[in-house]
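Visitor: need a 3D model of the sequence below.
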Amino acid sequence: MDDEEKIARGVARGLARHEAARAEANARQLLSGLLILAIVTIGFILLVTYGG
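Guide: Residues are numbered from 1 along each chain as shown. All right, here's what the predicted structure looks like:
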């Protein structure tokens, strides 16, 4: 295996690792957004039910 192949494999491995980390961050951001939305929805339901 020559140096170009080693470099190409290293770059591909780095890109794959970066893409996996980005996908994980996006999933975490989506879940936190859904959690906030659920909390706001429950708060609104409680406000309408017991606040008025």
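
Visitor: which stretches of the protein have low pLDDT?
Guide: 52 (pLDDT under 70).

Visitor: can you map out the helices along it?
Guide: 3-50 (DSSP state H).

Visitor: pull the number of nearby residues for residue 4.
Guide: 8 (other CB atoms under 10 Å). Bear in mind the C-beta positions are built from the backbone N, C-alpha and C, glycine included.

Visitor: with residue 28 instead?
Guide: Neighbour number of residue 28 under other CB under 10 Å is 10.

Visitor: over to residue 46?
Guide: Residue 46 is flanked by 10 other residues according to other CB under 10 Å.

Visitor: buried residues in stretch 18-26?
Guide: Buried residues in stretch 18-26, counted by 16 or more other CB atoms under 10 Å: none are found.

Visitor: and for stretch 36-52?
Guide: Here stretch 36-52 shows no buried residue, counting by 16+ other CB under 10 Å.

Visitor: distance between it and the chain's centre?
Guide: Relative to the centre of its chain, stretch 36-52 is centred 26 Å away, using CA atoms, centre = their mean, to the nearest Å.
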